[in-house]
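Asks: predicted model, plus sequence, below.
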Amino acid sequence: MANDKKILVEGLRRRDPDVLDRLIEQYQYRLFRYLLYITGNHERAEDFFQETWIRVLKRGHQYDGKFKFEAWLFTIARNLVIDWQRQKKAVSLDSMTDPEEGKGFEIADEKAESPLHLFLQAESQERVQASLEQLPVAYREVLLLRFQEEMQLDEIAKIQATPISTVKSRLYRGLDALKGLLAGGAA
């Protein structure tokens, strides 16, 4: 494992295209899904996705291997979105979601056995997505990073540049708020 990190760090310093290809292959779906959820726009997510990998190539020498690569990668992506938001003089990431642009990105379950199962799953995903969109962006982002991207709390804290206690608080409050929204919609 330590040897893999060393190879990764050296490959990024040399701008090795094989290392970059392996990284893109490994993280492309997770990164794009994250960007799609926080921007709410497919084209914008594609632009940020490309820009993130360009930054990885240009600034690969800055990755020192102390933390997981995915935390560094997601931090770059998040900072690009924040920078874009600042240029647009928007109040928060919430303002990037245009409800008229359609539903969120949904990944089909390849193990689905029946059309009924697919329908019920899609309906459930839509309900969860709609409930997530109602949450404050701070809670939504922590929930997505923790449960969708399966990141550890310390990794989320690093990405958001906040104390781990803040991440825990946002996670707890976000789960509580999501539970209330989902329970309210079940009646």
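Replies: Nice, I can see it.

Asks: domain boundaries for this structure, per the record?
Replies: Under the assignment automatic domain parsing, the domains of the chain span 1-105, 110-187.

Asks: okay if I get these as JSON lines plus mean pLDDT?
Replies: What follows is those, written out as JSON lines (pLDDT from 0 to 100):
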{"stretch": "domain 1-105", "mean pLDDT": "80"}
{"stretch": "domain 110-187", "mean pLDDT": "81"}
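
Asks: any chance of those in JSON lines with mean neighbour count as columns?
Replies: (C-beta placed from N, C-alpha, C; glycine too.) Converted to JSON lines, the domains of the chain look like this (neighbours: other C-beta atoms under 10 Å):
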{"stretch": "domain 1-105", "mean neighbour count": "15"}
{"stretch": "domain 110-187", "mean neighbour count": "15"}
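
Asks: leaving out the residues flanking it, which one is nearest to residue 175?
Replies: The shortest distance from residue 175 to any non-neighbouring residue, by C-beta to C-beta, 6 or more residues apart in numbering, is to residue 143 (7.0 Å).

Asks: any idea how far the spatially most central residue of the chain is from residue 123?
Replies: For the chain, the residue nearest the mean C-alpha position is residue 34 (2.6 Å; C-alpha atoms, centre = their mean). Taking C-beta to C-beta, to the nearest Å as the measure, residue 34 falls 23 Å from residue 123.

Asks: quick one on the thing from earlier: what helix or strand does the residue nearest to the centre of the chain sit in?
Replies: Using DSSP states H and E, residue 34 sits within helix 17-39.

Asks: how far off centre is the helix or strand just after that helix?
Replies: Using DSSP H and E, the helix or strand that follows helix 17-39 towards the C-terminus is helix 42-59. Centre-to-centre, helix 42-59 and its host chain are 13 Å apart (C-alpha atoms, centre = their mean, to the nearest Å).

Asks: just the helices in this protein please.
Replies: Ranges of helices within the chain are 2-14, 17-39, 42-59, 69-88, 115-134, 137-143, 153-160, 164-186, based on DSSP state H.
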